[in-house]
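Engineer: what's the 3D shape of this:
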Amino acid sequence: MREKAITGIKNRILQKLAMSLPGGGAFRVAFHRLRGVKIGDDVWIGSEALIETACPECVKIGSRVVIGIRATILAHFQELMGVEIKDDVYIGACAVILPGVTVGEGSVVSAGSVVTTSVPADDRSAR
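Structural biologist: Residues are numbered from 1 along each chain as shown. Below is the predicted model of the structure:
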């Protein structure tokens with residue numbers, strides 16, 4: 001996968017702004033949307049959260065999602081795989097989501113977790 005220079009520079013500048021500016025529910029979300037990340041409504045992104053730098057358009061984040069501080073979401077290594085985070089998901093601080101993962105609706109990813117396989121939806125009716 002080859003990234004164009006101008007696009008890469010733009011994405012990295014917007015990523016740095018999104019990581020450092022205040023406003024987890026406003027400025028950070030807006031800058032990630034400008035980069036191409038598909039983001040639903042009422043999303044909060046913690047400071048220093050890293051969301052796929054080279055291919056932000058490969059990340060889809062649903063509505064009412066909370067992404068903790070310093071969380072990392074990667075959508076590719078050498079091949080493009082993407083990441084999808086469904087609605088009503090909580091991702092704890094410093095969690096890492098690797099390429100090819102879907103985090104199911106209503107799921108919780110604990111702080112410091114490394115997610116290598118898809119997480120099923122939270123089925124509260126089974127409890």
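
Engineer: going forward, measure contacts and count neighbours with C-alpha atoms only.
Structural biologist: Fine.

Engineer: same question for stretch 12-31, mean pLDDT?
Structural biologist: Mean pLDDT, stretch 12-31: 90.

Engineer: Show the end-to-end separation of that stretch, please.
Structural biologist: 11 Å (CA to CA, to the nearest Å).

Engineer: ok now that stretch, how far from the chain's centre?
Structural biologist: The chain centroid and the centroid of stretch 12-31 are separated by 12 Å under CA atoms, centre = their mean, to the nearest Å.

Engineer: Check stretch 86-100 too.
Structural biologist: The answer for stretch 86-100 is 7 Å, by CA atoms, centre = their mean.

Engineer: quick one: S113 from R35, how far?
Structural biologist: 26 Å.

Engineer: Look at these two and report which has more neighbours.
Structural biologist: When S113 is set against R35 and neighbours are counted by other CA atoms under 10 Å, the residue ahead is R35, at 25 against 15.

Engineer: The residue lying closest to that one once chain neighbours are set aside: helix or strand, and which one exactly?
Structural biologist: Using CA to CA, 6 or more residues apart in numbering and skipping residues adjacent in sequence, the residue nearest R35 is N11, 5.6 Å away. For N11, the host element (DSSP states H and E) is helix 5-20.

Engineer: quick one: buried residues of that helix?
Structural biologist: 11, 14-19 (16 or more other CA atoms under 10 Å).

Engineer: any chance of those residues in TSV, plus distance to A30?
Structural biologist: Formatted as TSV, the buried residues of helix 5-20 follow (distance: CA to CA, whole Å):
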residue	distance to A30
N11	13
L14	10
Q15	11
K16	13
L17	10
A18	8
M19	12
